[in-house]
Each structure stands twice: as structure tokens, then as C-alpha cells.
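>>> Build me a model:
(one chain, ligands or ions: 1)
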Amino acid sequence: MEHASVLDERKEFILQKGGCAGNGLRCDSNSISGSISQRACVYCGARVVLNPITDAFHIVHGPIGCASYTWDIRGSLTSGDDLYRNSFSTDLKEADVIFGGEKRLLAAIEEIAEKYHPKLIFVYATCIVGVIGDDVDALCKVMSEKYNMRVIPVKAPGFSGNKSVGYRLACDAIMNLISVHKPEKRYGINILGDFNLAGELWIVKEYMKKIGIPVISTITGDSSYENLIQAPSATLNIVQCAGSSTYLANRMEEEMGIPYIKISFYGIEDTTNSLIRIAEALKDREAREKAIAFTKKESEKLQDFLEKYKRNLKGKKAAIYVGGGFKAISLIKQFKSLDIETVVVGTQTGKKDDYEMIESIVNKDTVILDDTNPAELEKFMKERNADILVGGVKERPLAYKLGIAFCDHNHERKHPLCGFDGVVNFVEEINRSINNPVWKYMEVDL
Ligand code: SF4
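Numbering: from 1, shown residues only. Below you'll find the predicted structure:
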């Protein structure tokens, strides 16, 4: 396909279904220089995974900007502590860059240890610390021993790769925390990659309760130090956000013998399949029967609601740009069930398997993008006449400027979009935005 306004180096990251076969879509690599990637930096990738641990202290060893950039970045809710909503910084200045920042980090850890007596501190080393070379590992070790608490280094200079590298560093930090604990094995699951955005994890936990499956640990939504160290006892890991947590699931399988399955609780189809698959993976016949009965009842309850809204939405076209592949796949299915065609779809951190699955379920001519930028999104949304964009905070202004409806499906959102409850919120939001009378008054040269 022709990409007149696309950088030459970006062409391999864009695919049109049914176009030239080529070598498939290029993905899972660093962003192209000069392309305004919507991805966050390595440090931010690590921070967003670890941040929801409710009783952890997060010290950002770097200039104050790194701390403010990620302060309370997720809409993760808590049923316990709310320490995680604070941000602590060593506030490095020019003199520290010249003479080293270790003294400031030592002072920060000591102050927190003496004032709050925490069990767990994460120390993030950001860009400038990666340049000046403070010995963060040694300092964390000394402080752990001195105060008898876990001080875990997360060496995540923003420039050292892409957001996925940050995800891996966060997973390594979690392994560092939990692998020293050997609790007795018991029947139950860990939920990986659910960050309790707008209370979504609580919905999933309620479903598990209904079908009789105990939840042991949640990584990391609404979790705590005590909850996390129980994770090695689980029978099965389920992975919701595959982009951020598959690496952790793999490490837990290899090192702790806990198998995992990838699931998704977005949309009726994926929620139903996921609950049944979890019961099957546990070989729990009773839970499977309960899951079938429960999902059937919940799906039936939604049929009239969906029929009503379908009339307003039929024939509309959607563009999707989200973090991971599994969410994109669920969204395509959700739109299909509403008679909405997905015409553009992309992710920040999708893998080869995700894109193959995406390609297999979208219609011919759909544009598929990896690690795209606003210029490309604008071009393809205009070309394909998208009526709505599903994305995050960075995509919202773009959609509105183009006079296109928008649905926030990122970590800042304020209402849950998962499970059967989430279907109602999602469909109502899509309808409110697409059919909003404001679009009649917009004069946009599309
Ligand atoms: S780690 Fe680097 S790229 Fe990330 S916020 Fe800090 S300075 Fe910016």
C-alpha cells in the first residue's frame, strides 16, 4: 500500500489486510527516531506495573520531572493502604549529576524507613542515574539489611529501550520480591496484569467467588506486600494484560512450576470464554458448570440492552489504538457484536501472535499498525472514515480535533469496562460519544 505521509522506516510497521503479503507486520522493537511514538519511556513502563501495590513506597531516583510524570498515573483503586498514590523523589540537581546522587538516595530511604517503617520500597533509577552510574544495587542492599525491609532496585533509564523493557524490569522486581518466599501450595489462582482500574479487579474477583475459585494474589491491582508474597502458592496464573505480564507468567512457570493462561474480561464473548477456560485449566468440573450457568444468565440479561443500542450503532466504523494486543482483540470482537466494523487497529506493545490473531479477525482492507504516531493515526482514520477512536489520554485530543468520537480505554478511566458490568458502561459510552449532537456543529475539513 502507498503511505505518502508515512516515514519510509515506518512502512514495515503498517499492514493492510489483504494487501501485499510481504513478511508480515514488524513489531516488538524500538521506536523509529523521528516518529512521535505514543509509547511511554522504560521507567514509566516499570512504574505503571508496580505502582498499584498499595502499601509500597516508590522512590524515584532522578530529577523531579520523572516523579511528577508518573504521579498517581493509574486509576487503580485500593481496598487498603493508599501510600501508592504518593510519589517520592530524590530531586537530583546539576551538582548531584557532577558529584553523584547516592547521598540523596541514602537520605531518602533512611527518612522513609525511620518515619514510616515500610515493608517494601521500590527505587527507580531514571535516565540521568543511568548516565552518572550511582551504585543503586549496592545501596538498596545495604538499606534492606540495615532496616530489615525489602528495598528493590528498578534500574530503568528511560532511554534504555522501549516501554516493554520497563514491563520486564517491573516483572523482574516482582520476582525479586516473591521468589524468596516458599508458601505451601494451595488451590487457587493469581490474577496477573489487572491493575484494578476503576475497580475492575473487584468485578473479576466477584466472578471468581461466584464460580468457586479462590484468588490468592493479585499482581498488581489492589495488592500489598503480604498478598504478593503468597503468589508462589497458587495452582494457576491467569494473565489479563498480556503485554505487561506474560514475561512474569513465563518466569513463574519456569521457576515456580505455576502454569498460566491468557484471558480477557472485555466483552461478553471473551468474559464468557475466559471464565470457562479458567475452570477447565484447573480441571474443576463444578466451577466449569457454574461458569457456564453464570455466563449464560448474565449474557441473556444483556440481550435487550444490546439490541436497543445496536440500532443506534449499526454500520459505524471504529479505530482502535491501545497498549496491548489482547485488549485490541477483545475490542474488535466487542465492536463486531454491535455491528460496528473496525477499520484501523493498532497497539503500542503487541507481539507477533497478537497481530496474527488481529489480522485473522478483521475485515479485508483494515489497517493494522504497530507503535504508531498521531500523523499516521490521523491519516488512516480520515482515509477509512472512522466514526470513533478507542485509545488513551494521548489520543483523545487528536480524535476531538478531527471531529471523531472517542472512548477512553486507558488506565486513567474512571468507570470499569470489564466483565458484564463493563459491557453496559462501554456500550453507553460509545453511543453517547458517536451519537452526540455536538458533531453536527463541528466544522472539520475531513
Ligand atoms: S526516565 Fe528519562 S525519559 Fe523517563 S521521564 Fe525520566 S527523564 Fe524522561
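>>> Model confidence for the residue of the stretch 251-400 of the chain found nearest the ligand, exactly?
Closest contact between the stretch 251-400 of the chain and the ligand, by Cβ to the nearest ligand atom, is at Lys394 (14.6 Å). All C-beta atoms are positioned from the backbone trio N, CA, C, and that covers glycine. For Lys394, the pLDDT comes out at 89.
>>> dump the residue contacts of it.
Lys394 is in contact with Gln38, counting by Cβ atoms under 8 Å, 6 or more residues apart in numbering.
>>> That one sits in which helix or strand?
Here Lys394 sits in a region with no helix or strand, counting by DSSP states H and E.
>>> ditto for Ala108
Taking DSSP H and E as the criterion, Ala108 maps to helix 102-116.
>>> After that helix, heading C-terminal, what element do we hit next?
Following helix 102-116 in sequence, per DSSP H and E, is strand 120-125.
>>> How many neighbouring residues does the residue lying closest to Phe195 once chain neighbours are set aside have?
Nearest-residue entry for Phe195: Gly221, 4.4 Å, with adjacent residues in sequence omitted and distances by Cβ to Cβ, 6 or more residues apart in numbering. By other Cβ atoms under 10 Å, 27 other residues sit near Gly221.
>>> For the residue in the stretch 101-250 of the chain that the ligand sits nearest to, give me its contacts.
Residue of the stretch 101-250 of the chain nearest the ligand, by Cβ to the nearest ligand atom: Gly158 (2.5 Å). Residues in contact with Gly158 (Cβ under 8 Å, 6+ apart) are 41-44, 66, 126-127.
>>> which of the residues you listed come close to the ligand?
Restricting the contacts of Gly158 to those touching the ligand (Cβ under 6 Å from any ligand atom) yields 41, 43-44, 66, 126-127.
>>> Residues in contact with the helix holding Ala108: which ones?
57, 59, 61, 83, 88-92, 96, 118, 121, 123, 134-136, 139-140, 143, 146-147, 149, 151.
>>> Tell me which of those residues fall in strands.
Among those, the members falling in strands (DSSP state E) are 57, 59, 61, 88-89, 121, 123, 151.
>>> ranges for the helices of the stretch 251-400 of the chain?
268-281, 285-313, 325-337, 352-361, 374-383, 396-401 (DSSP state H, counting those that start in this stretch).
>>> Now for the residue nearest to Tyr84 when sequence neighbours are not counted, how many residues are close by?
Ranked by Cβ to Cβ, 6+ apart and with sequence neighbours excluded, the top spatial neighbour of Tyr84 is Thr54, at 5.1 Å. Residues lying near Thr54 (other Cβ under 10 Å) number 23.
>>> just checking, Thr54 touches Thr78?
Yes - using Cβ atoms under 8 Å, Thr54 makes contact with Thr78 at a distance of 4.4 Å.
>>> which residues are common contacts for these two?
Residues touching both Thr54 and Thr78 (Cβ under 8 Å, 6+ apart) are 84, 222.
>>> where does Gly24 land on pLDDT?
79.
>>> Point out the residues in the stretch 1-150 of the chain that sit beside the ligand.
Counting by Cβ under 6 Å from any ligand atom, the residues of the stretch 1-150 of the chain that sit close to the ligand are 41, 43-44, 62, 66, 69, 126-127.
>>> so where's this structure uncertain?
Scanning the chain for pLDDT under 70 picks out the ranges 1-4, 20-23, 443-446.
>>> Where do the domain boundaries of it fall?
42-167, 189-290, 314-413 (automatic domain parsing).
>>> for those domains, which one sits closest to Gly18?
Each of those has some distance to Gly18 by Cβ to Cβ; the shortest is domain 314-413, at 4.0 Å.
>>> so how many other residues sit close to Ile128?
18.
>>> tell me which element it is part of?
Per DSSP H and E: helix 127-132 holds Ile128.
>>> Just send the contacts of Gly158 back as TSV, with neighbour count too.
TSV is the format used below for these (neighbours: other Cβ atoms under 10 Å):
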residue	neighbour count
Cys41	24
Val42	28
Tyr43	30
Cys44	21
Cys66	28
Thr126	31
Cys127	19
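>>> Need the three-state assignment for Phe406.
strand (DSSP: H, G, I helix; E, B strand; the rest coil).
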